[in-house]
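J.: What would the 3D arrangement of this be:
(2 chains)
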Amino acid sequence: MTKKQLFETAENWFHLQGWKPFAFQKETWAAYLKGQHGLLNAPTGSGKTYALWFPIVLSYIKNNPNYKTKHQKGLKAIWITPLRALSQEIKQSAERITNELGTQMTVGIRTGDTSTKERARQKTTMPDLLITTPESLQLLLSSKGYEKVFKNCEAIVVDEWHELLGTKRGIQMELGLSRLKTICNDLRVWGISATIGNLEQAREVLLGPNTGALDNSVLIKAKLNKKITVKSIIPKKMETFPWRGHLGLHLLEAVVPIINNSKTTLLFTNTRSQCEIWFQKILEKHPEYAGEIAMHHGSINKETRLWVEQAIRNESLKAVVCTSSLDLGVDFAPVETVIQIGGPKGVARFLQRAGRSGHSPGKESVIYFMPTHAIELIEASALQKAVKTEAVEDRLPYLNSYDVLIQYLTTLAVSDGFYPHEIYPEIKQTFCYQAVTEEQWQWLLNFLVMGSQSLSSYDEYKKVEVEDDGKFKVNNRGMAMRHRFQIGTIVGDANIAVRYQKGGYIGSIEESFISKLTAGDVFTFAGRNLEFIRIKGMQAHVRNSSKRTNKIPSWMGGRLSFSAQMSKLLREELYTAERDASKQSKEIKALAPLFAKQRTESIVPKPDEFLIETFKTRDGYHHIFYPFEGRGVHEAMSSLLAYRISLLSPITCSLAFNDYGFELLSDKVIDIQAILDNNLFTTQYMLDDLQKSLNSNEMARRRFRDIAVISGMVFTGYPDKGIKMKHLQSSSQLLFDVFKDFEADNLLFQQAFTETFEHQLEEGRLRMALERIASQKIKWQACQNPTPFSFPIITDRLREKLSTEKLADRIKRMTKILNK
Amino acid sequence: MTQTLHILNTEFVLHPLGGVFWIDQSLLLISDVHLGKVAHFRKFGAAVPRKAVHKNFMLLDKLVAHFKPFHICFLGDLFHSSLNKEWQLFENWVAKTPSKISLVTGNHDIIAPEKFDALEIEQYQELIVKDFLLTHHPEERESYFNFCGHIHPAIRLQGFGRQRLRLPCFFKSTHQLILPAFGEFTGTHVLKPNKSDEVYVIVENEVVKV
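T.: Coordinates of the predicted model:
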């Protein structure tokens, strides 16, 4: 068939559905059929799956003229999704095409949920189109004879690439692609990404810098002209609206009319515990909603989640309280309104959530922003501007992540083994490892084989062996099995299944929460009050309880930092507080009582002023700085400043930060005048000081946790799989100390520091922020009481520690308090 | 800097490396050394720095040199795992250490008794010396004071300015003293002291009573 005939086939199909293909869909088909690679920038629910499934099927039709009668077996395309929950949807849309165009192509799924029976079946005959996750793709690379399986694969599509980019799963993907590019005879690599700040870079990372694939590629943008309206929910009585907090239950009644006035409403919360609480409280206050509202988050069992998703489609639900679990995938046409409770921590995410409503083309998306405490109203106002200018964040890709490379090389050694001279050029083509030197490569190979850089006669280290012809191979079956269990880059707390005694599965909770419970304790989970009975194996047994409780499992939500643009918008918004009311947004106007209160104790800074507040509470001496530069910059600046202060005299302090400012909390007064006199905000020696500051706090130590697990130095164990690895478990914390004492030059140990540095502490923005502060007037306010601005910061429990004092001195002060 | 402690009119010295020395008996108690752990991990493909293997022996030497005990008694979990090449290092250490050595076996001690016999190390389920009961697992027995290990005790301290610390310790209750784990590369378990408990934390090179 000619290209024209193929296009007609596709367009006919669209007409039969009563649709018309979008320009971006046709553009993608054309590029694909020309043999190009590319990145498609399209939001969820825009028809992106049809943009890529179609050309894949059309290409098959083109190559197999008698496709209706004769089935050419074997894997032809791989679709990667970051969430296995989405795989069913993707399969359905693929099957619609393959069936209705009359091909005999098969579609299959392979994820962690796939049964062993199904997997074994796939081993003998792969489906034509395979839907899988980055981890499962790696697992395929760890099975014997994988090269043959992929040989005739023509396309790989990485869906939701923006979710993977900037994570270690993204690197895993880069490595997988680097291998597939070699072993597939004729491969097209495609990515699909929502809008992010660095789309061009996203394409480069996907396809590899300086590769032929990148040269022969396109970036296609779906211009859908979606209208997004952001509305803030402003509390009627500002005086009683809290200064801190993240639950936002004060405004529960303001949400009710919105729910009533719309067909289906999604309420996005930031954490699973917040989701549980909101669901409970709505039902408590409005029992009339019983049966009409539901809850959806990642720890609830799969059946319930699927049921909720289906109920949204059937329009049988009035509202769903959810978390980021509903951010991706799945089209919900009936959703009319979205409510975001609390700061969404990112413009891109906010836009994505807004896009969940008014799905049909041409319809406007409406999102309400509901602040959980007063200062978030400033954010609400800034967010509206950010949505207009699409000030979305970048997703910063990783460089030189040795841990993922070690895991990948072991994966290859587990399956068919590898020859370094073949793999080295492949990884050099990836974005992540483009700068790896031959020395570093040799270091990694030594590490794999000897567990160190030199041989020792009495050492029994065993992992990868070098065979006579130079092939790197894992020959020990136990070793191979342990490695397969460990494949993956998401490191989390162990999860415990929550079940009724008779066996009904409710969901899973982090072990750290369960371990704090004693028998008889009641906690809320999945919308139920449950009484804890006992732990058995990796299961927690519970029964229903009628007792009320305030115990709700909390999960750490990812905390994203605002982009430079968004931080600027936030600052500008705040500065309008000191301007004429006519130049203020209604959110800022509403905050007038808060600003008044702030002025009685301190000031509201103007654009040329840098505010520092100090005061004492029961907790200790608070020193608060307000650069308004976003969380990431504040984290770095607090670490830098605390380190520099410690050079004047040893201190111990705890650091807290949010998007507005940061705090140094200490048991002694810090001399602010000395900070100013010694010019501690200087950009001179900034890098050096920042690096040194990492030695006295725990950021790198925390980073090391993931590195140790990913590189296979720490076994997490899989008790639910019945494999005993307890004798091999250790904590990465212990390991960190051992490395510090004995092998500080180890690349994996070093990586913990470079990662903190590059990924957490955004050096470039820090420099600009310090330069800005240098041009400002310092306004140091010695206050009697905490100010409204300081409240969200000083009440933050997630803190960083820094100490340069002798431990014994600290203990002696602590024991004095104990003995008082 | 050590701490001296009187229990049942008997003088004991607590050492910051984690040993307890009974002066009259010239008996040094050490618990939970977990030798062989590093080698065991490496054997199974976890690349714990190799140099860490020697640290335990260096620390043992330091402790023995300080007290010059007539008798050393390990309170269990001397070896972390099944036999590996770290045993050879242990043999060397035993050969050059003049003290008599015995072992109260712990849950981790799975190496064949014959191997210890060959080194003339006596092994016991428990050991009673005068009014003192030496065990691996904590035990309460009337009219005895119990020295034991197993728990790897630590406590948590809090201070002004939201300061928190977690430190390994000697944990003493009315009839019992739990020794901290001696070994490098072993974890700790936090205990909460009662009013009647005494806690001696290990801070850098000091034993400090809190």
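
J.: What count of nearby residues applies to the residue of the stretch 251-400 of chain A found nearest chain B?
T.: In the stretch 251-400 of chain A, no residue comes nearer to chain B than A:Asn400, which is 18.4 Å away by C-beta to the nearest C-beta. C-betas here are computed from N, CA, C, even on glycine. If you count neighbours by other C-beta atoms under 10 Å in any protein chain shown, A:Asn400 ends up with 20.

J.: now do A:Ile514
T.: Neighbour count for A:Ile514, taken as other C-beta under 10 Å: 21.

J.: cool, and A:Phe14?
T.: Counted with other C-beta under 10 Å, the burial measure for A:Phe14 works out to 17 neighbours.

J.: now the closest residue to it other than its chain neighbours: how far from B:Val190?
T.: Distance criterion C-beta to C-beta, 6 or more residues apart in numbering or on different chains; nearest residue to A:Phe14, sequence neighbours excluded, is A:Pro21 at 5.1 Å. A:Pro21 sits at a distance of 63 Å from B:Val190 (criterion: C-beta to C-beta, to the nearest Å).

J.: With neighbour numbers in mind, choose between those two.
T.: Looking at A:Pro21 and B:Val190 with other C-beta under 10 Å, you find the greater number of neighbours at A:Pro21, namely 20 against 12.

J.: next SSE after the longest helix along chain A?
T.: Ranked by number of residues, the top helix in chain A under DSSP state H is helix A:631-648. Heading C-terminal from helix A:631-648, the first helix or strand you meet, by DSSP states H and E, is strand A:652-657.

J.: That next one pairs with which strands, parallel or anti?
T.: Under the criterion DSSP bridges, strand A:652-657 sits next to strand A:662-666 (antiparallel), strand A:800-803 (antiparallel) in its sheet.

J.: So what touches that strand?
T.: Outside of strand A:652-657, the residues within contact range by C-beta atoms under 8 Å, 6 or more residues apart in numbering or on different chains are A:631, A:634-635, A:638-639, A:642, A:662-667, A:670, A:697, A:793-794, A:796, A:798-805, A:810, B:161-163.

J.: ok, which stretches of the stretch 201-350 of chain A are strands?
T.: A:217-221, A:228-232, A:264-268, A:293-296, A:319-322, A:335-341 (DSSP state E, counting those that start in this stretch).

J.: counting contacts, what elements does the fourth one pack onto?
T.: This means strand A:293-296. Packing partners of strand A:293-296 (3 or more C-beta pairs under 8 Å, 6 or more residues apart in numbering or on different chains; DSSP states H and E): helix A:272-285, helix A:302-313, strand A:319-322.

J.: possible to save these as a markdown table with mean neighbour count and mean pLDDT?
T.: Output for the helices and strands packed on strand A:293-296, formatted as a markdown table (neighbours: other C-beta atoms under 10 Å in any protein chain shown; pLDDT from 0 to 100):
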| stretch | mean neighbour count | mean pLDDT |
| --- | --- | --- |
| helix A:272-285 | 21 | 90 |
| helix A:302-313 | 16 | 85 |
| strand A:319-322 | 26 | 93 |
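
J.: Of the strands paired with strand A:652-657, flag the one that's most buried.
T.: Mean neighbour counts were taken over the strands paired with strand A:652-657 using mean count of other C-beta atoms under 10 Å in any protein chain shown, and the top value, a mean of 24, falls to strand A:662-666.

J.: In a helix, A:Ala480, correct?
T.: Yes - with DSSP: H, G, I helix; E, B strand; the rest coil as the criterion, A:Ala480 is located in a helix.

J.: Which residue is the nearest non-sequential neighbour of it?
T.: Excluding its sequence neighbours, the residue lying closest to A:Ala480 (C-beta to C-beta, 6+ apart) is A:Val414, at 4.6 Å.

J.: Number of residues surrounding the one you found?
T.: Look at A:Val414: counted by other C-beta under 10 Å, it has 26 neighbours.

J.: doesn't A:Leu140 make contact with it?
T.: No - counting by C-beta atoms under 8 Å, A:Val414 stays clear of A:Leu140, with 11.8 Å between them.

J.: check contacts around A:Leu412.
T.: Contacts of A:Leu412 were listed using C-beta under 8 Å, 6+ apart, and they are A:141-142, A:179, A:418, A:423, A:472.

J.: Quick check: the residue in the stretch 501-650 of chain A that chain B sits nearest to vs A:Pro627, distance?
T.: The stretch 501-650 of chain A approaches chain B most closely through A:Gly620 (3.2 Å), counting by C-beta to the nearest C-beta. Taking C-beta to C-beta as the measure, A:Gly620 and A:Pro627 are separated by 22 Å.

J.: more neighbours, these two?
T.: Comparing A:Gly620 with A:Pro627 by other C-beta under 10 Å, the one with more neighbours is A:Pro627, at 24 against 21.

J.: Quick one: residues contacting the more buried one.
T.: For A:Pro627, the contacting residues are A:610, A:633-634, A:637, A:661-662, A:769, A:772-773, taking C-beta under 8 Å, 6+ apart as the criterion.

J.: what would those residues look like in CSV with pLDDT?
T.: Shown next, in CSV, are the contacts of A:Pro627 (pLDDT from 0 to 100):
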residue, pLDDT
A:Phe610, 96
A:Val633, 89
A:His634, 92
A:Met637, 93
A:Gly661, 93
A:Phe662, 95
A:Ala769, 93
A:Arg772, 94
A:Ile773, 94
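
J.: Quick check: the farthest pair among those residues?
T.: Spatial extent of these (C-beta to C-beta) is set by the pair A:Phe662 and A:Arg772 at 15.2 Å.

J.: Next, the contact list for the residue nearest in space to the middle of chain B, please.
T.: With distances taken as C-alpha atoms, centre = their mean, the residue of chain B nearest its centroid is B:Ser31 (2.0 Å). Under the criterion of C-beta under 8 Å, 6+ apart, the neighbours of B:Ser31 are B:18, B:74-77, B:136, B:148-150, B:179-182.

J.: from these, which would you call buried?
T.: When burial is judged by neighbour count using 16 or more other C-beta atoms under 10 Å in any protein chain shown, the buried members of those are B:18, B:74-77, B:136, B:148-150, B:179-182.

J.: Tell me the one of the residues you listed nearest chain A?
T.: B:Ala181 (11.0 Å).

J.: B:His34 is in contact with that closest one, correct?
T.: Yes - using C-beta under 8 Å, B:Ala181 and B:His34 qualify as a contacting pair, with a distance of 7.1 Å.

J.: list the residues that contact both of those two?
T.: Between them, B:Ala181 and B:His34 have B:Asp77 as joint contacts when contacts are counted by C-beta under 8 Å, 6+ apart.

J.: quick one: average confidence on the helix or strand hosting A:Glu118?
T.: In this structure, A:Glu118 is located in helix A:116-124 according to DSSP H and E. Averaging pLDDT along helix A:116-124 yields 87.
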